[in-house]
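>>> Structure of the sequence below:
(one chain, ligands or ions: 1)
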Amino acid sequence: MAGYLVEDQRKVTTSRLMEMKQQGKKIAMLTAYDYTMAQIVDGAGVDVILVGDSASNVMAGNMTTLPITVDQMIYHAKSVVRGVKRALVVCDMPFGSYQVNASEGITNAVRIMKEAHCDALKLEGGEEIIDTVRTILAAGIPVCGHLGLTPQSINKFGTYAVRAKEEAEAEKLVRDAHLLAEAGCFAIVLEKIPAALTERVCREVHVPIIGIGGGPADGQVLVLHDMLGMNKGFSPKFLRRYADLHTVMTDAIGMYVTDVKSGDFPNADERY
Ligand code: KIV
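Below you'll find the predicted structure:
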């Protein structure tokens, strides 16, 4: 198998990620939503597996991440955790589960940690949710921040275009990143912002910055199904496709259909 490298087989922890930033070692993060894929992703050396609320799009076919529920996120996260030995497993808190107030946020956070057995949670937003972030951190639950394009706010943004191109939004993002890092977040995802802004945040903020469509950072994250080429309809500039699984799977399934219909499958060796 070509080209992957796992230097350290120990379970990845939040403090290990901090060391990686300090040592200039890049962090590889990918999403997963089920046991089988999580086993493959973990075995290939990914450091952090995100049970993203992108499950709402990728697994359930919704247009946005908004409909997915706490129960559904717990189901996905539990399945992923069962397949993982090494990677740190981070679960997204879904829309509506932490925005109302800190009390609801901590109740849902504790429930996800207890039932899913994941290692950490991710929340979208900065100053607006900082009290909730602090309350969750105070309960001993590691939190990953998420700034820039925050898909749970798509109805406010009205577009999936690049965020923080204007100075005011860029300065707010930098302030929010400092706030999250000082509160104790172990990492921050920066989604779809100019590369120069990502570079500034990586330099100014002491915690690992994980980019998606934000140029070079301390680490990168992609949606698994996108980087494997399973989703032909989604091809933003930042996405690198490492396989064309849509074609591979369609061809394989097409051959199966042909063989069943022709009577070629099962043959004499494929029966009892
Ligand atoms: O839900 C998700 O997959 C995410 C990534 C895009 C960072 O939040």
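>>> Residue 195: neighbouring residues, count only.
Counted with other C-beta atoms under 10 Å, the neighbours of residue 195 add up to 14. Heads up, the C-betas are built off the backbone N, CA and C, glycines and all.
>>> Look up how far the ligand lies from it.
17 Å (C-beta to the nearest ligand atom, to the nearest Å).
>>> Repeat that for residue 17.
15 Å.
>>> Wasn't that residue part of a helix?
Yes. Counting by DSSP: H, G, I helix; E, B strand; the rest coil, residue 17 is found in a helix.
>>> In contact with the closest residue in space to it that isn't next to it in sequence, which residues?
Spatially, and ignoring its direct neighbours in sequence, residue 17 is nearest to residue 208 (5.1 Å; C-beta to C-beta, 6 or more residues apart in numbering). Residues near residue 208 by C-beta atoms under 8 Å, 6 or more residues apart in numbering: 17-18, 20-21, 27, 186-188, 218-219.
>>> Might one say that residue 181 is in contact with residue 206?
Yes. Using C-beta atoms under 8 Å, residue 181 is in contact with residue 206, at 6.0 Å.
>>> So between these two, which is more surrounded?
Between residue 181 and residue 206, counted using other C-beta under 10 Å, the more crowded position is residue 181 (20 against 10).
>>> What strand or helix carries that one?
helix 167-183 (DSSP states H and E).
>>> So what's the residue count around the nearest residue to residue 9 once chain neighbours are set aside?
Leaving aside its chain neighbours, residue 9 sits nearest to residue 86 (6.3 Å; criterion: C-beta to C-beta, 6+ apart). With neighbours defined by other C-beta under 10 Å, the count for residue 86 comes to 16.
>>> do the same with residue 19
Here the number of neighbours of residue 19 (other C-beta under 10 Å) works out to 11.
>>> leaving aside the residues next to it on the chain, what's closest to it?
Nearest to residue 19 is residue 25, by C-beta to C-beta, 6+ apart, at 8.0 Å.
>>> ok but that neighbour is inside a strand, no?
No. Looking at residue 25 with three-state DSSP, it is coil, so not inside a strand.
>>> returning to what we had before: let me have the contacts of residue 208 in CSV, adding neighbour count and pLDDT as columns.
Putting the contacts of residue 208 into CSV (neighbours: other C-beta atoms under 10 Å; pLDDT from 0 to 100) gives the following:
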residue, neighbour count, pLDDT
17, 26, 98
18, 16, 98
20, 18, 98
21, 20, 98
27, 22, 98
186, 22, 98
187, 30, 99
188, 29, 99
218, 24, 98
219, 23, 98
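>>> Mind checking which of these are in helices?
Among those, DSSP state H puts 17-18, 20-21 in helices.
>>> of all the residues you listed, which comes closest to the ligand?
residue 17 (15.2 Å; C-beta to the nearest ligand atom).
>>> quick one: contacts for the closest one?
27, 47-48, 88, 186-187, 208, 219.
>>> before we move on, what about residue 177?
Residue 177 touches 126, 145, 147, 188, 190, 201, 204-205, 209, counting by C-beta under 8 Å, 6+ apart.
>>> and if you look at residue 105?
93, 97-99, 123, 129, 132, 135-136.
>>> when you check the ligand, which of the residues you listed turn up near it?
Filtering the contacts of residue 105 for neighbours of the ligand using C-beta under 6 Å from any ligand atom leaves an empty set.
>>> Make JSON lines from the residues you listed and add neighbour count and distance to residue 224 to it.
As requested, these are arranged in JSON lines below (neighbours: other C-beta atoms under 10 Å; distance: C-beta to C-beta, whole Å):
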{"residue": "93", "neighbour count": "25", "distance to residue 224": "20"}
{"residue": "97", "neighbour count": "23", "distance to residue 224": "23"}
{"residue": "98", "neighbour count": "26", "distance to residue 224": "24"}
{"residue": "99", "neighbour count": "17", "distance to residue 224": "26"}
{"residue": "123", "neighbour count": "24", "distance to residue 224": "21"}
{"residue": "129", "neighbour count": "22", "distance to residue 224": "26"}
{"residue": "132", "neighbour count": "24", "distance to residue 224": "28"}
{"residue": "135", "neighbour count": "17", "distance to residue 224": "31"}
{"residue": "136", "neighbour count": "28", "distance to residue 224": "26"}
